[in-house]
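J.: need coordinates for the following:
(one chain, ligands or ions: 2)
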Amino acid sequence: MENLAGKCPKCGRTHLLRSREDMVVCDCWRICPICGGEMTPYLPDTAPKTYALNGLRELQVLMVCTCHSPPFYGTQKPVEVKADA
Ligand SMILES: [Zn+2]
Ligand SMILES: [Zn+2]
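T.: Numbering: from 1, shown residues only. Ligands and ions are numbered 1, 2, ... in the order given. Reported below is the predicted structural model:
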């Protein structure tokens, strides 16, 4: 069996993949870059259409770490890690 690995371009962590088509979402986007704690999902109360760019129906979820004052709002999206070419 082939051992495939993909490296997250954001945090550099290596993830094991089951196949070339496999894809892993690195959870580093949920980690607060300041304190290293896990952040909480945060839905902006702005009108959803503000976020519907180019008809993309992508749900914009931000992450917030309330350990800080003011709270830290993460803007990073989930990173999809695929097998290295
Ligand atoms: Zn990562
Ligand atoms: Zn934090």
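J.: please count neighbours and contacts with C-alpha atoms only from this point.
T.: Fine.
J.: show residues contacting the helix or strand of the chain with the lowest mean pLDDT.
T.: Scoring the helices and strands of the chain by mean pLDDT, DSSP states H and E places strand 40-42 at the bottom, with a mean of 85. Strand 40-42 is contacted from outside by Arg30, Val61, Leu62, Met63, Val64, Cys65, using CA atoms under 8 Å, 6 or more residues apart in numbering.
J.: what mean pLDDT would you report for stretch 72-85?
T.: Per-residue pLDDT over stretch 72-85 has a mean of 85.
J.: that one close to ligand 1?
T.: No. For stretch 72-85 and ligand 1, the contact criterion (CA under 5 Å from the ion) is not met; the two come no nearer than 6.4 Å.
J.: now that stretch - C-alpha only, CSV.
T.: Extracted as CSV, the C-alpha positions of stretch 72-85 are listed here (Å, rounded to 0.1, in the frame of the first residue of the first chain):
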residue,chain,number,x,y,z
PHE,A,72,-8.9,38.0,18.0
TYR,A,73,-10.9,37.3,14.8
GLY,A,74,-9.4,34.7,12.5
THR,A,75,-9.7,35.2,8.8
GLN,A,76,-8.1,32.1,7.6
LYS,A,77,-10.2,29.6,5.7
PRO,A,78,-9.9,25.8,6.1
VAL,A,79,-6.8,24.6,4.3
GLU,A,80,-7.3,21.6,2.0
VAL,A,81,-4.3,19.4,2.0
LYS,A,82,-3.8,17.2,-1.0
ALA,A,83,-1.2,14.7,-1.9
ASP,A,84,2.1,16.2,-3.1
ALA,A,85,2.4,16.0,-6.8
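J.: please list the residues of the protein that sit near ligand 1.
T.: Contacts of the chain with ligand 1, taken as CA under 5 Å from the ion, map to Cys8, Lys10, Cys11, Cys26, Cys28.
J.: can I get those in TSV including secondary structure, neighbour count and pLDDT?
T.: Converted to TSV, these look like this (DSSP: H, G, I helix; E, B strand; the rest coil; neighbours: other CA atoms under 10 Å; pLDDT from 0 to 100):
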residue	secondary structure	neighbour count	pLDDT
Cys8	coil	20	93
Lys10	coil	14	89
Cys11	coil	12	91
Cys26	strand	20	92
Cys28	helix	19	91
